[in-house]
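Asker: got a predicted structure here, sequence first:
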Amino acid sequence: MNRTVSRLQIRKLFIIGLCICFLIGNMLFVSNSALAISLPPGEYEIPYFNRHVPLPGEIPYSPYAGRPDEYQPSHPQQVFWGDTHLHTIYSFDAGAAGTTLTPENSYRFARGEEVTTDGGQPVQLSRPLDFLVVTDHTDQLGSFQQFVDYPPQDCGDDQQQIDDWHEAIEEGGDAAANAQNEITSAFAQGTIPACMLQSPEEFGAAWDNEVDWAEEFNDPHKFTAVIGYEWTSLDAGDNLHRNVIFRDNGDKAKQLLPKTTADGTDPELLWAWMQNYEDTTGGDVLAIPHNGNLSNGKMFADTDARGMPLNHSYAEQRQLWEPLYEVIQIKGAGETHPFLSPDDEFASFEIAGWDNGNLDLTAPETPDMYEHEYARAALKNGLKFEEDLGANPFKFGLVGSTDSHIGISGVEENSFMGKFPIYTPSPERAEHVSKTSCFTKDQDGNCVPENPEVNRFGWQYGAAGFVGVWAEANTRESLFDAMARREVYATSGPRMIVRFFGGWDFTSEDVSFNPGQVGYAKGVPMGSDLTSMPEGKVPTFLVAALKDPIRGNLDRIQIVKGWLENGQTQEKVYDVVWSGDRVPNDTTGKLPLVGCEVNPAICETDDPMEDTGTVNTDTAEWTNSIGAVELAQVWTDPDFDPTQKAFYYARVLEIPTPRWTDYDKVFYQIEMAEEIPLTLQERVYTSPIWYSPSNVTSEIAPLPENPEDGSDFDFWNRIIHEVIR
């Protein structure tokens, strides 16, 4: 399916038939994943350990799914879990840091086989992933082993630098990690020695290998190996990476070499490549921007890469090619920031260390940049751009992935394998200092007080994340189509089953039904636009969540709203359903922390890190004595204004559980610095649902059955009116 953007000028309207089809769907409760290598005794229950993966037509009955005889494939019946961002030795930075695992190892691990990490740990998923996208960096794709075995010898003035890097990589450990950081920075700053650049033939051979591995391990309906790569745009160290996902098989993916940054870091260059790929092969691709918290305000900037204000064409192109955004991964969460959302007590989740500077810590990050780095602010600004330009450049769904550089997606809290081999489990990794940066120094080379050293490569790493995809089948085509329509959600790790629908006629009685059935029948799913609002109606939302069976109970479901009011963006977080008998504060309207009803000492605090009494950080044990197994609600926007553009997304929070740092603390019997968090509240972010005043339906008289029932002029004007509305 080829896609070309153009402005359409509609001059003539002809007879158009209008019809509405209500298709009823189901929802599958259990999916086939959740990482656990060494589960503490008694901590988890695993009712679906290594179970058979159901194929279409084998769907079992559950509270959230229809019976087999009710199976209807016209809507997604199952959420499929995967990782859309993973690196192997074929990524130069991963290889330089000590990774030796190949895409073959990555696919074997993802589908449930045991793999030994470069740190020497045998690891295995307790429940396999449904799909995996290996996204090695295209710049220098597959060239690391060539550098190790045959380092360049004719580099002129750069030869000493090449030799030093090669020696450090051979030494391993901190020396190799430092060399990897220096090489990455050299690429970012455009100072990499030319003799290190690979030939087109070497690049093509590496890409063929990547595609061949994906073809070998792709097993439709059981395990899907999706072809992909990471376009590695680094603008002077500011991260603008994009993961490119193919709908196609290898016969099309091999027809064009992937895009590199040899001709520049402007994302529009990538979009042009994507258009050319589709035109040339008849295939389909989309791009997922990397978590923007290391872009120093460039990921969602008000200008393009040339510094020009965004225009209508840019907005259309970006919405077309980038329907999704990576909101959480190992390098932190990118939903929002306390500076941007001071009234959101959960805004500080997994941001520490990542809001100080760009990717290679060559430039500081300042609070004025945050608005152009975090998803919620970008979604709000997208409404404003749509008002001004007639198109929304930041209309995206939300995904989570790992960005692991060790060849495996190992990100469960109690078995977090780290981002690079040097960060695999050890007593030192939480407080490991592999790279610091001081942006301003005095004449003696010391950091000035206002600009202390920044370190972010220890406890600041997060064990995250994955993406849940509501697709009709576990195939490349079906998964891609679900991503393209944004029917996906991001998770920090747990596999909660979450449904989110918007419409005009949901009622409280609808929570008694299968949300997958009533949701599609009466509304639209996450990632969609609210359509055809009858005059006088108010948006209603059906949201339902079922806990991951081996994880913590649910604390609450919130709906985050952003809107445009008198040209200014606004936001508000609503608690819509929660566990226990908590009551919102009469003054602030805030819901007390989970566990308040059994531990009154925390009732008056709004610090999400407050001890609930259900986590023992001395033993890394926790109980599910608070929270809920399932939460569901129909919520009506109490502040709706039909003249204001708006978006809504759901955020689902677990009860507090131990963070990976606590598991390390207990396992290695070490003390952690006071600043290091030992607990967290895992969460899900759904893709938004958008509302636009252009979707308001005016009440008009019924159309006459034929022109004879009225004048031709009246008849055709009503036809035109109906089409426009």
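Answerer: Received, thanks. Not measured: the values here are computed from a predicted model.

Asker: measure V560 to R551 for me?
Answerer: With distances taken as CB to CB, to the nearest Å, V560 is found 22 Å from R551. All C-beta spots, glycine's among them, are computed from the backbone N, C-alpha and C.

Asker: which residue packs closest to A214, ignoring adjacent ones?
Answerer: A225 (4.3 Å; CB to CB, 6 or more residues apart in numbering).

Asker: doesn't L389 make contact with L310?
Answerer: Yes. Between L310 and L389 a contact is recorded at 6.8 Å, counting by CB atoms under 8 Å.

Asker: show me what the closest residue to A287 other than its chain neighbours is bridged to.
Answerer: Nearest residue to A287 in three dimensions, chain neighbours excluded: R242, at 4.3 Å (CB to CB, 6+ apart). Per DSSP bridges, the residues bridged to R242 are W231, P289.

Asker: residues in contact with R242?
Answerer: R242 sits next to E230, W231, S233, P267, L270, A287, I288, P289, H290, E322 when contact means CB atoms under 8 Å, 6 or more residues apart in numbering.

Asker: just for the stretch 351-500 of the chain, where's the confidence low?
Answerer: Scanning the stretch 351-500 of the chain for pLDDT under 70 picks out the ranges 434-435.

Asker: ok, residues contacting the helix or strand hosting L132?
Answerer: Following DSSP states H and E, one finds L132 within strand 131-134. For strand 131-134, contacts defined as CB under 8 Å, 6+ apart pick out 80-88, 90, 103, 106-107, 110-111, 210, 213-214, 223-228, 243, 245, 409, 469, 474, 479.

Asker: show me what the following helix or strand past it is packed against.
Answerer: Later in the chain than strand 131-134, the nearest helix or strand by DSSP H and E is helix 144-149. On a contact count with 3 or more CB pairs under 8 Å, 6 or more residues apart in numbering; DSSP states H and E, helix 144-149 meets helix 92-96, helix 159-171.

Asker: what's the last one packed up against?
Answerer: Same thing as helix 159-171. Here helix 159-171 touches helix 144-149, helix 173-189, going by 3+ CB pairs under 8 Å, 6+ apart.

Asker: average pLDDT across it?
Answerer: Helix 159-171 comes out with an average pLDDT of 84.

Asker: now swap in the shortest one and tell me
Answerer: Averaged across helix 92-96, the pLDDT comes to 89.

Asker: give the buried residues for that helix.
Answerer: By 16 or more other CB atoms under 10 Å, the buried positions in helix 92-96 come out as F92, D93, A94, G95, A96.

Asker: can you list these in TSV and add distance to C603?
Answerer: Output for those, formatted as TSV (distance: CB to CB, whole Å):
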residue	distance to C603
F92	52
D93	47
A94	47
G95	52
A96	51
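
Asker: between these, which sits nearest V598?
Answerer: When those are compared for distance to V598 (CB to CB), A94 wins out at 45.5 Å.

Asker: residue boundaries of the strands in the stretch 251-400 of the chain?
Answerer: With DSSP state E, counting those that start in this stretch, the ranges of strands along the stretch 251-400 of the chain come out as 285-289, 324-329, 332-333, 397-400.

Asker: one more: the stretch 401-550 of the chain?
Answerer: Assigned by DSSP E, counting those that start in this stretch, the stretch 401-550 of the chain shows strands spanning 436-437, 454-455, 466-471, 488-491, 497-503, 523-525, 533-534, 540-546.

Asker: hey, which of these is tucked in deepest?
Answerer: Most buried of the strands of the stretch 401-550 of the chain, by mean neighbour count (mean count of other CB atoms under 10 Å): strand 488-491, with a mean of 28.

Asker: parallel or antiparallel, list what pairs with it.
Answerer: Here, using DSSP bridges, strand 488-491 pairs with strand 466-471 (antiparallel), strand 683-686 (antiparallel).

Asker: wait, which of those strands is closest to I192?
Answerer: Among these, strand 466-471 comes nearest to I192, with 32.2 Å by CB to CB.

Asker: what separates the closest one from the chain centre, distance-wise?
Answerer: Relative to its parent chain, strand 466-471 has a centroid offset of 10 Å by CA atoms, centre = their mean, to the nearest Å.

Asker: only alpha carbons, please: show it as CSV.
Answerer: The C-alpha trace of strand 466-471 is given here as CSV (Å, rounded to 0.1, in the frame of the first residue of the first chain):
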residue,chain,number,x,y,z
PHE,A,466,7.4,-3.4,26.6
VAL,A,467,4.5,-2.7,24.3
GLY,A,468,1.1,-4.3,24.2
VAL,A,469,-0.4,-4.5,20.7
TRP,A,470,-4.1,-5.2,20.1
ALA,A,471,-4.0,-7.1,16.9
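
Asker: contact partners of that strand?
Answerer: Applying CB under 8 Å, 6+ apart, the contact partners of strand 466-471 are 31, 33, 76, 78-84, 129, 131, 399-402, 409, 411, 478-479, 481-483, 487-491, 493, 495, 497-498, 525-526, 684.

Asker: hmm, back to that, next, format the helices and strands packed on helix 159-171 as JSON lines and append mean neighbour count and distance to A650.
Answerer: What follows is the helices and strands packed on helix 159-171, written out as JSON lines (neighbours: other CB atoms under 10 Å; distance: least, CB to CB, whole Å):
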{"stretch": "helix 144-149", "mean neighbour count": "16", "distance to A650": "41"}
{"stretch": "helix 173-189", "mean neighbour count": "19", "distance to A650": "36"}
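
Asker: of those, which is nearest Y668?
Answerer: For Y668, the closest of the helices and strands packed on helix 159-171 is helix 173-189, at 18.6 Å, according to CB to CB.

Asker: hang on, the earlier thing: now the residue nearest to A287: how far from V634?
Answerer: If you go by CB to CB, the gap between R242 and V634 works out to 37 Å.
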